[in-house]
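Engineer: Let me see the structure of the following:
(one chain, ligands or ions: 2)
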Amino acid sequence: MKLFVTGGAGFIGSCFVRTALAEGWAKQVVNFDKLTYAGNLENVAPIAGHAGYRFIQADICDAQAVEKALREEAPDAVVHFAAESHVDRSIHSPAPVIQTNFNGTFTLLEAARRLNIARFVHVSTDEVYGSIEEPHDADENYPLRASSPYSASKAGSDLLALSYHTTYKMNVCVTRASNNYGPYQFPEKLIPLMISNALEDKPLPVYGDGQQVRDWLYVEDHCRAIRAVLQKGRAGNVYNVGGNCSLPNLEVVQRILKATGKPTSLITRVTDRPGHDRRYALTNSKLTGETGWAPQMDFTRGLQATVDWYVQHKAWVEHIKSGEYRRFYELNYSQRVS
Ligand code: NAD
Ligand code: TYD
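Structural biologist: Ligands and ions are numbered 1, 2, ... in the order given. Sure thing, here's the model as predicted:
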């Protein structure tokens, strides 16, 4: 199978590219990535020399570049990860988020339709459902109530992708996963930010009361789910992907402090995120019932593996923190503590 992966230099996309080639179920992978602040070729260094791997640096909003690459490569499937993926950045600067997540998905769908690409998996998020009241868990028919520009852009792109199935009979599936964690995650998201700050004895900024609940999914479990949908998902369908691990943020932060051996005095309460969703919770039963997929990583083990990875990859973190990362982190942090 030959895959055309967008965003394969990011956190989840790079895990997907690495594992697909290492496991051998994909013979060829084309990684189409713009290399924004979140894209990093070090994430794909382990497979950079693989005979079946090709990297193209380009923007999914560039219709000519997308069409040229898809025409030349003629893949069996597109797996679409590329996105502006951070909620806080989407609140500060929504324009690039709407441009990439909505218009970029449109550009990709259009090219895939014109070139009759056999399969298209659009990678999305549980955030499209918005905050979910207890005791409910969202299934795939739950209403879309996105709260942030990020989640609204993903909800819009989900609907657009599904419309290409309804209207043009394109073979499209949408996956909606919960919060991912694991190695190579850009340290602007909760878990890697708290680990890297703890390792440097810096404050751990907990938004609001820290009782917001997220479901945690190990990145390799997510990538196995995408493979399952790619190979077995029914065209025109949405599949939730959850980790069966709902935890309040404060508890996650406390567990990180324990795993890193750092004191709870590092926890710093800061101003809450505007429009902050209180709770995400998903049911996986459709994906499990149709494909047999289930999350395998237990959170305690997954968190320890993640902490160990960040301890062993200080140079990777330092490289990121010396770049664009610092500007946004300092802006976001200073606005919240003032
Ligand atoms: P990431 O921010 O780590 O990586 C995004 C990648 O996309 C980067 O390599 C970046 O260079 C590339 N990119 C951004 N804009 C581009 C453009 N215009 N053209 C080409 N490439 C571009 O993101 P991630 O956390 O790996 O998320 C990947 C996908 O999974 C996203 O679609 C996101 O919405 C979805 N998702 C993420 C999570 C999570 O917890 N991180 C959970 C559910 C779903
Ligand atoms: P994040 O990793 O940004 O993912 P998302 O907003 O997509 O769920 O945030 C996860 C949770 O952690 C969310 O409730 C916001 C909270 N959070 C903090 O409390 N402090 C932080 O510094 C960050 C980045 C997030």
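Engineer: Buried residues, the lowest-mean-pLDDT helix or strand in the chain. List them.
Structural biologist: None of the helices or strands of the chain scores lower by mean pLDDT, DSSP states H and E than helix 325-337, at a mean of 86. Using 16 or more other Cβ atoms under 10 Å as the test for burial, helix 325-337 gives 325, 328-329, 332-333, 336. C-betas here are computed from N, CA, C, even on glycine.
Engineer: and it, does that touch ligand 1?
Structural biologist: No. Helix 325-337 lies apart from ligand 1 when judged by Cβ under 6 Å from any ligand atom; the minimum separation is 11.8 Å.
Engineer: So which elements touch that helix?
Structural biologist: helix 87-92, strand 204-207, strand 267-270 (3 or more Cβ pairs under 8 Å, 6 or more residues apart in numbering; DSSP states H and E).
Engineer: how distant is it from the center of its chain?
Structural biologist: For helix 325-337, the separation from the chain centroid amounts to 22 Å (computed by Cα atoms, centre = their mean, to the nearest Å).
Engineer: likewise stretch 179-199?
Structural biologist: Counting by Cα atoms, centre = their mean, stretch 179-199 is centred 13 Å from the centre of its parent chain.
Engineer: gap between the two ends of that stretch?
Structural biologist: Start-to-end span of stretch 179-199 (Cα to Cα, to the nearest Å) is 22 Å.
Engineer: So is that stretch next to ligand 2?
Structural biologist: Yes. Applying Cβ under 6 Å from any ligand atom, one finds stretch 179-199 in contact with ligand 2 at 179, 189-190, 193.
Engineer: circling back to that earlier point, with distance to Thr175 added, can I get the buried residues of helix 325-337 in a markdown table?
Structural biologist: As requested, those are exported to a markdown table (distance: Cβ to Cβ, whole Å):
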| residue | distance to Thr175 |
| --- | --- |
| Tyr325 | 27 |
| Phe328 | 27 |
| Tyr329 | 29 |
| Asn332 | 28 |
| Tyr333 | 32 |
| Arg336 | 32 |
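Engineer: Could you confirm whether any residue of the helix or strand encompassing Thr19 contacts ligand 1?
Structural biologist: Under the criterion of DSSP states H and E, Thr19 resides in helix 11-23. Yes. Helix 11-23 reaches ligand 1 (Cβ under 6 Å from any ligand atom) through 11-13.
Engineer: anything in the least confident helix or strand of the chain near ligand 2?
Structural biologist: No. Shown here: helix 325-337 not in contact with ligand 2 (Cβ under 6 Å from any ligand atom), separated by at least 7.6 Å.
Engineer: and what of stretch 254-269?
Structural biologist: No. Contact of stretch 254-269 with ligand 2 is not found when judged by Cβ under 6 Å from any ligand atom; the minimum separation is 9.3 Å.
Engineer: end-to-end on that stretch?
Structural biologist: Per Cα to Cα, stretch 254-269 runs 13 Å from first to last residue.
Engineer: could you measure the closest residue to Gln99 other than its chain neighbours against Leu287, distance?
Structural biologist: The shortest distance from Gln99 to any non-neighbouring residue, by Cβ to Cβ, 6 or more residues apart in numbering, is to Cys61 (6.0 Å). To Leu287, Cys61 is 30 Å away according to Cβ to Cβ, to the nearest Å.
Engineer: Among those two, which residue is more densely surrounded?
Structural biologist: When Cys61 and Leu287 are compared for neighbours, Leu287 comes out ahead with 26 against 19, by other Cβ atoms under 10 Å.
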